[in-house]
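[1] Structure of the sequence below:
(chains A and B)
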Amino acid sequence: MAETLLEKVWRLHTVRELPSGQTQLFIGLHLIHEVTSPQAFSMLRELGLKVRFPNRTFATIDHIVPTDSRTRPFADELAEQMTVALVRNCQDFGITLFDLGSGWQGIVHVIGPELGLTQPGMTIACGDSHTSTHGAFGALAFGIGTSQVRDVLATQCLAMSKPKLRRIIVEGTLPRGVYAKDVVLAIIRRLGVKGGVGYAYEYAGSAIEAMTMEERMTLCNMTIEGGARIGYVNPDRTTFEYMRGRPFAPHGEAFERATRWWQQIASDPGARYDDEVHFEASTLSPMVTWGINPGQSVGVTEPIPHPEDVPEAERAAYWEALEFMSFKPGQLMLGTPIDVAFIGSCTNSRLSDLRVAAEVVRGRTVARGVRALVVPGSEAVARAAEAEGLHEIFQEAGFEWRNPGCSMCLGMNPDRLRGRQICASSSNRNFKGRQGSPTGRTLLMSPAMVAAAAIAGEIVDVREMLP
Amino acid sequence: MTSAAIRELSGRGIPLPGDDIDTDRIIPGRFLRSVTFDGLEAHVFEDDRHQNLDHPFNQEKYQGASLLIVGRNFGCGSSREHAPQALMRWGIRGIIGESFAEIFFANCTAIGVPCVTVSAEDARWLQETVAARPELELRLSLEMMTVRAGDRTIAAQMPEGARQQLLEGTWNSTFVLLEAGEAIEHTAARLPYLVGF
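    This next block holds a predicted model:
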């Protein structure tokens, strides 16, 4: 019988059915960081338990790390404490840590793939909602909380219920200046921020097949913003070529055997889905959010919708968003002045993101009064970008070139908005206060659009700035 | 170690109107700079409370409430367990709402805080009723799957797996998962990527 990747991978990792009716699911790869793991290790110590599979958990430091000076101890004592705790926990329990300066430190969802830890057919968990990123490889990857981090450390398993499966088909060719970020923002806009609750998303269609692995990571990364915990793309030749030669990927004959297995775990033609939705890539345009959740977006040349034109159940949320952002119904995002431009985060901080942004920036200058930051996703990304001279393009234009970390995505480190600042951001959340100032305002968009806004000092249509 | 079975919760309610309230709002990121969950209750909804002095968590009449009544997609966004921990440490024992984000729901279940859904009309009615009568005792029954408010009984829903975990007292799942014993290693042994393909 034809099966989906979800069904195959779920079955393979099923340890047993639990009395509650849930599945005891084996977790093939567990990634941890300093924010959501210390309490889990404390619980483990209290219970007198060991880590069951220490060689299946890998750690890095990303959320709280300063991206300017990384001199230890950090100026923020709390950040220093968390870093010390992570290093000690990894030592005590025998877990590999990709520490600052190791050459591989970075945002957990950037380093997993680049190390080859993330592989097709795995179950992957991490105490971070953007774990869906790893679904780009045809893995079932999802975010968990700290008590579940404890469960994975102690048992390498989770108690889970299998989600339903929605296939999202994107056919056609993306127009110039339209990127994976725009695709996922358009999907969330149409299906809503809770449209995916109870579902996993399988992304398919010619536009998805044409995407590079880094583009697929951007797409899967924001799956959780549409309410679905898991989003994946079936593994194909693009996936296999990306895997080849990565430090933790199989090598030699094992790679050939792995490729054959990876091919088998992809969804079969004729498999059944609980739901299916279609998008046409050629109709998409660069997207910008205007509100306080990632579903509140428009194409850059479209007006902000009037709350009276949306379903009644959503009207109050629209007014709340407009009031917080100080925008008006019918207003165009085009021409909105910005204070800060941020290129980074687990959504868009990989080499291809920096290349696209650098292409826009090359030979131009950041507008007066705009603070512009580029924060590469990992030490490996920084190394590769510097080898190409991308850092010089950014610095010559007036961008700050920072060290890897989550930076201004989430307000847990020194990179924060101040007051009512408006930030053009390549990150994933425009929630109230998300970027560290309770009243700060976030406009989500692709890295190319952020670069264009940094140069213009206001929201512009990047399609007019591309060569 | 087992966790306590949770069959019924009773207490006063606290209404929190609004949809898509994310976990950054429940507990802003800067308060996650800690190696424990201690003291999070002091910062629950910190920024919302500063921006809105009438925020329910600021109001005297709701202090001591234990059942939170929310709207749609409550707890969306970040997977931070700090959000349910902050609510629980403030005194919330159960949450009634129109719908919940999935990771938030799982995190609440894992610390023994049931989240049940009711219809949009019933959620609104409960919020209005509690606002008018904050002293009213609410009763949430996971056995009956009902919410009782005065002489009215409202039907509630919850995914069966989580409901059973709470009723059985297995919501702290570590020891249930450990009971699988060697079956865990046997599962690992059939995974191609763990045995060199």
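[2] and the closest residue to chain B within the stretch 201-350 of chain A, what is it in contact with?
    For the stretch 201-350 of chain A, the residue closest to chain B is A:Arg257, as judged by CB to the nearest CB, at 4.0 Å. Where you see a C-beta, it was placed from the backbone N, CA and C, and this is true even at glycine. Residues in contact with A:Arg257 (CB atoms under 8 Å, 6 or more residues apart in numbering or on different chains) are A:Pro250, B:Pro192, B:Phe197.
[3] Just give me the closest of these to A:Ala380.
    A:Pro250 (19.7 Å; CB to CB).
[4] From chain A, how far off is B:Arg148?
    In this view, B:Arg148 and chain A are 25 Å apart by CB to the nearest CB, to the nearest Å.
[5] typed the wrong thing, it's B:Ala110
    4 Å.
[6] Could you report the separation of that residue from A:Gly231?
    23 Å (CB to CB, to the nearest Å).
[7] got a winner among the contacts of A:Arg257 for most neighbours?
    A:Pro250 (21 neighbours; other CB atoms under 10 Å in any protein chain shown).
[8] Name the nearest residue to it, ignoring sequence neighbours.
    A:Ala258 (4.5 Å; CB to CB, 6 or more residues apart in numbering or on different chains).
[9] What residues of stretch B:172-183 count as buried?
    Within stretch B:172-183, the residues that qualify as buried are B:Asn172, B:Ser173, B:Thr174, B:Phe175, B:Val176, B:Leu177, B:Leu178, B:Ala180, counting by 16 or more other CB atoms under 10 Å in any protein chain shown.
[10] Likewise for stretch B:113-120?
    Buried-residue list, stretch B:113-120, by 16+ other CB under 10 Å: B:Val113, B:Pro114, B:Cys115, B:Val116, B:Thr117, B:Val118.
[11] In a markdown table, list the residues you listed along with secondary structure.
    Below are the buried residues of stretch B:113-120 laid out as a markdown table (DSSP: H, G, I helix; E, B strand; the rest coil):
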| residue | secondary structure |
| --- | --- |
| B:Val113 | coil |
| B:Pro114 | coil |
| B:Cys115 | strand |
| B:Val116 | strand |
| B:Thr117 | strand |
| B:Val118 | coil |
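[12] quick one: the host helix or strand of B:Arg148 to chain centroid distance?
    Assessed by DSSP states H and E, B:Arg148 sits inside strand B:146-149. Its chain's C-alpha centre and that of strand B:146-149 lie 17 Å apart, by CA atoms, centre = their mean, to the nearest Å.
[13] Parallel or antiparallel, list what pairs with that strand.
    strand B:137-141 (antiparallel), strand B:152-155 (antiparallel) (DSSP bridges).
[14] Quick check: next helix or strand after the shortest one?
    By that I understand strand B:152-155. Using DSSP H and E, the helix or strand that follows strand B:152-155 towards the C-terminus is helix B:160-168.
[15] which secondary structure elements does that next one contact?
    Other helices and strands packing on helix B:160-168, by 3 or more CB pairs under 8 Å, 6 or more residues apart in numbering or on different chains; DSSP states H and E, are helix B:102-110.
[16] elements contacting the helix it packs on?
    Against helix B:102-110 (3+ CB pairs under 8 Å, 6+ apart) you get helix A:146-155, helix B:82-90, strand B:115-117, helix B:160-168.
[17] who's in contact with residue 120?
    The chain I'm using is chain A. Contacts of A:Pro120 (CB under 8 Å, 6+ apart): A:Phe137, A:Gly138, A:Ala139, A:Pro235, A:Thr239, A:Met243, A:Trp262, A:Ile265.
[18] You answered for a different chain; I wanted chain B.
    Counting by CB under 8 Å, 6+ apart, B:Ala120 touches A:Ala313, B:Arg72, B:Glu98.
[19] cutoff 7 Å now
    Contacts for B:Ala120 (CB atoms under 7 Å, 6 or more residues apart in numbering or on different chains) come out as B:Glu98.
[20] which phi and psi does it have?
    phi -60, psi -40 (degrees, to the nearest 10).
[21] what pLDDT does it get?
    On pLDDT, B:Ala120 comes in at 96.
[22] Check A:Thr67 too.
    At A:Thr67, the pLDDT recorded in the model is 98.
[23] Who are the contact partners of the residue lying closest to A:Leu49 once chain neighbours are set aside?
    Leaving out its chain neighbours, the residue that sits closest to A:Leu49 by CB to CB, 6+ apart is A:Ala154, at 4.7 Å. Residues near A:Ala154 by CB under 7 Å, 6+ apart: A:Leu44, A:Leu49, A:Arg52, B:Thr174, B:Leu178.
[24] how about TSV for the residues you listed, with pLDDT added?
    Listed next are the contacts of A:Ala154 as TSV, based on pLDDT from 0 to 100:
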residue	pLDDT
A:Leu44	97
A:Leu49	97
A:Arg52	98
B:Thr174	96
B:Leu178	97
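[25] so how many other residues sit close to the residue nearest to A:Pro250?
    By other CB under 10 Å, neighbour count at A:Ala258 equals 22.
[26] OK, contacts around the closest residue to A:Ser378 other than its chain neighbours?
    Using CB to CB, 6+ apart and skipping residues adjacent in sequence, the residue nearest A:Ser378 is A:Gly106, 2.3 Å away. Counting by CB under 7 Å, 6+ apart, A:Gly106 touches A:Thr60, A:Asp62, A:Gly377, A:Ser378, A:Glu379, A:Ala380, A:Val381, A:Pro404.
[27] Now do A:Gly106 against A:Asp339, distance only.
    Distance from A:Gly106 to A:Asp339, by CB to CB: 27 Å.
[28] Could you do A:Val288 as well?
    Distance of A:Val288 to A:Asp339, given as CB to CB: 16 Å.
[29] These two: which is more packed in?
    A:Val288 (27 against 18).
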